[in-house]
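Participant: sequence unavailable; structure follows:
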């Protein structure tokens, strides 16, 4: 193989077992640092964007915005004819909390209070 040719992508082994450490080789990626939610610069910039959104958002007619969305949304129907929907509002702060919730979302089913719950067709985060 010459220098100007790209080497073929090396397949990554996907294990169904939960990783035992935070070693990037075992995880398959390098975890990032937690987001500094209460950092002064981040709070100030978020406040400025919020004020700008309130000022300029008041002039936007929400009906005009909704008209641009597609109306032919495919319907996801479960095996019993209903819609199975998983909803997650907050994945936590930092890698450990986020990974724990994401790991549970990725399971085919979980057991809670003695009930087997299948994974949903749709996940809203």
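Facilitator: That came through fine. All figures in this text were calculated on a predicted structure; none of them were measured in a lab.
Participant: hey, where'd the helices end up in this structure?
Facilitator: Secondary structure of the chain (DSSP state H): helices at 24-27, 40-57, 62-67, 95-106.
Participant: any idea which of those scores lowest on pLDDT?
Facilitator: With a mean of 69, helix 62-67 has the lowest mean pLDDT of those.
Participant: contact partners for residue 125?
Facilitator: 88, 91 (C-beta atoms under 8 Å, 6 or more residues apart in numbering). C-beta coordinates here come from the backbone N, C-alpha and C atoms, glycine included.
Participant: and with 6 Å instead?
Facilitator: Residue 125 sits next to residue 88 when contact means C-beta atoms under 6 Å, 6 or more residues apart in numbering.
Participant: gap between it and residue 108?
Facilitator: Going from residue 125 to residue 108 by C-beta to C-beta, to the nearest Å gives 18 Å.
Participant: let's have the helices of the chain in CSV, adding mean neighbour count.
Facilitator: CSV is the format used below for those (neighbours: other C-beta atoms under 10 Å):
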stretch, mean neighbour count
helix 24-27, 11
helix 40-57, 10
helix 62-67, 8
helix 95-106, 13
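Participant: so residue 27 makes contact with residue 19?
Facilitator: Yes - counting by C-beta atoms under 6 Å, residue 19 is a contact partner of residue 27 at 5.3 Å.
Participant: hmm, back to that, CSV for the helices of the chain, including distance to residue 84?
Facilitator: Shown next, in CSV, are the helices of the chain (distance: least, C-beta to C-beta, whole Å):
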stretch, distance to residue 84
helix 24-27, 28
helix 40-57, 34
helix 62-67, 26
helix 95-106, 13
